[in-house]
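Undergrad: The following block contains a protein sequence and its predicted model.
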Amino acid sequence: MSDDGRIPDVNESVRASSVPQHATDSSELITDTVQVQMKDSKDNFDKLYVDQEAPTIPKRRQELLKWNGWGYKDSKFIVNKAGQVEFTGDRYRLSKKVLPYLKDFMMRTCGVSLEHKIAAQPEITAADIPPPVKNKEFLTDLRRTGINYSDDCQDRLFRAHGHTLHEVFVLREGKFERIPDLVVWPSCHSDVVKIVELACQHKVMIIPFGGGTSVSGALECPASEKRVIISVDTSRMDMLLREYFVERMLC
Ligand SMILES: Cc1cc2nc3c(=O)[nH]c(=O)nc-3n(C[C@H](O)[C@H](O)[C@H](O)COP(=O)(O)OP(=O)(O)OC[C@H]3O[C@@H](n4cnc5c(N)ncnc54)[C@H](O)[C@@H]3O)c2cc1C
């Protein structure tokens with residue numbers, strides 16, 4: 001945070017701390033910045049993660065977000081008692097607002113019928129999902145690192161998909177053949193290094209997980225995979241530390 005309580009722009013903070021005084025030409029400034037970043041990055045990565053505010057997304061994302069749909073649990077369109085469409089919650093300008101013309105528009109233009117109701121399947125329990133593949137040696141070594149992990153069925157299911165229509169349809173009506181066996185939450189660069197090292201050592205598969213909003217099926221587990229699959233949830237790593245101008249990379 002800057003003195004005025006503002007979160008500083010990454011470029012601004014990196015440049016302020018590392019650009020030599022003599023750098024006046026913009027190409028020189030970029031090159032110098034990259035070099036200093038490269039040199040400092042390893043030492044600073046873990047240090048920079050200390051003293052952060054708590055992440056805004058809880059580890060049990062399903063407590064905040066819909067487990068079988070898009071967005072926050074508390075924000076959705078409903079048809080209220082007066083028969084009009086209303087948006088719930090209080091997160092958005094649209095929240096608690098009635099949209100008097102929406103229902104007619106949806107019925108007339110999109111052919112939506114309010115009579116056609118299909119209840120989604122209830123919240124998933126362990127009995128409904130594939131049991132986790134286990135690798136005792138990997139788990140023992142992972143425990144030693146102190147890195148957070150979970151094999152809870154809902155934690156695993158939440159990271160088994162992105163948000164294609166197909167994936168949401170499977171959540172509401174079907175079943176995934178294969179889902180991650182374990183979710184891990186690294187909180188700093190060195191945690192990620194340890195996870196990758198252990199995964200290589202024990203032949204465990206890794207699928208990184210960011211927002212889980214992929215619309216390309218990239219998060220789906222291959223059904224035939226027999227090895228342990230871990231989902232590496234990056235939500236504890238919620239700061240943008242570096243922008244590498246030359247490589248066009250954000251870290
Ligand atoms: C309603 C909706 C609107 C959207 N609108 C847009 C839009 O306007 N523009 C747009 O570009 N996209 C859009 N998308 C698509 C999606 O939001 C983007 O593709 C987004 O960038 C995915 O990021 P994510 O963190 O959710 O990735 P995830 O879905 O978590 O992961 C996507 C892929 O990246 C990998 N991955 C995740 N994190 C890492 C990491 N740290 N390191 C390495 N690999 C990683 C995953 O393993 C997976 O293969 C939209 C999606 C939805 C559902």
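TA: The structure has been received and is ready for your questions.
Undergrad: C-alpha only now, for contacts and for neighbours.
TA: OK.
Undergrad: Now the residue lying closest to residue 198 once chain neighbours are set aside: phi and psi?
TA: If the residues on either side of it in the chain are set aside, residue 198 comes closest to residue 138, at 6.8 Å by Cα to Cα, 6 or more residues apart in numbering. Main-chain dihedrals, residue 138, degrees, to the nearest 10: phi -60, psi -50.
Undergrad: Could you list the contact residues of the protein toward the ligand?
TA: 162-163, 207-215, 218-219 (Cα under 6 Å from any ligand atom).
Undergrad: run the last query once more with 8 Å
TA: 70, 161-164, 207-219, 233-234 (Cα under 8 Å from any ligand atom).
Undergrad: And for the residue of the stretch 1-150 of the chain found nearest the ligand, the neighbour number?
TA: Taking Cα to the nearest ligand atom as the measure, the stretch 1-150 of the chain has residue 70 as its residue closest to the ligand, at 6.8 Å. Residue 70 has 15 neighbouring residues, counting by other Cα atoms under 10 Å.
Undergrad: Apart from its chain neighbours, what residue comes closest to it?
TA: Per Cα to Cα, 6+ apart, closest to residue 70 is residue 163, 7.2 Å.
Undergrad: Leaving out chain neighbours, which residue sits closest to the most centrally placed residue in the chain?
TA: Residue closest to the mean C-alpha point of the chain, counted by Cα atoms, centre = their mean, is residue 211 at 2.5 Å. Spatial nearest neighbour of residue 211, excluding adjacent residues (Cα to Cα, 6+ apart): residue 235 at 7.8 Å.
Undergrad: SS state for the one you found?
TA: Recorded secondary structure, residue 235: helix (DSSP: H, G, I helix; E, B strand; the rest coil).
Undergrad: Same question for residue 122.
TA: coil.
Undergrad: separation between it and residue 185?
TA: 27 Å (Cα to Cα, to the nearest Å).
Undergrad: So what's the residue count around residue 203?
TA: 14.
Undergrad: State the pLDDT value of it.
TA: Looking at residue 203, its pLDDT reads 98.
Undergrad: residues in contact with the spatially closest residue to it that is not a sequence neighbour?
TA: Nearest residue to residue 203, sequence neighbours excluded (Cα to Cα, 6+ apart): residue 227, at 7.2 Å. Neighbour list for residue 227: 133, 203-205 [criterion: Cα atoms under 8 Å, 6 or more residues apart in numbering].
Undergrad: If you go by neighbour count, which of the residues you listed are buried?
TA: Among the contacts of residue 227, those classed as buried by 16 or more other Cα atoms under 10 Å are 133, 204-205.
Undergrad: And stretch 218-238, how far out from the chain middle?
TA: The chain centroid and the centroid of stretch 218-238 are separated by 12 Å, computed with Cα atoms, centre = their mean, to the nearest Å.
Undergrad: Going by neighbour count, list what's buried in it.
TA: Applying 16+ other Cα under 10 Å to stretch 218-238 flags 218-221, 228-238 as buried.
Undergrad: what about that stretch, how long is it end to end?
TA: 21 Å.
Undergrad: returning to that earlier point: A strand includes the residue nearest to residue 203, no?
TA: No. Using three-state DSSP, the assignment for residue 227 is coil, not a strand.
Undergrad: That one and the ligand: what is the separation?
TA: 17 Å (Cα to the nearest ligand atom, to the nearest Å).
Undergrad: Mind giving me the PyMOL command for buried ones among the residues of the chain next to the ligand?
TA: Buried members of these can be picked out in PyMOL with the line below, counting by 16+ other Cα under 10 Å:
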select buried, resi 161+162+163+164+207+209+210+212+213+218+219+233+234
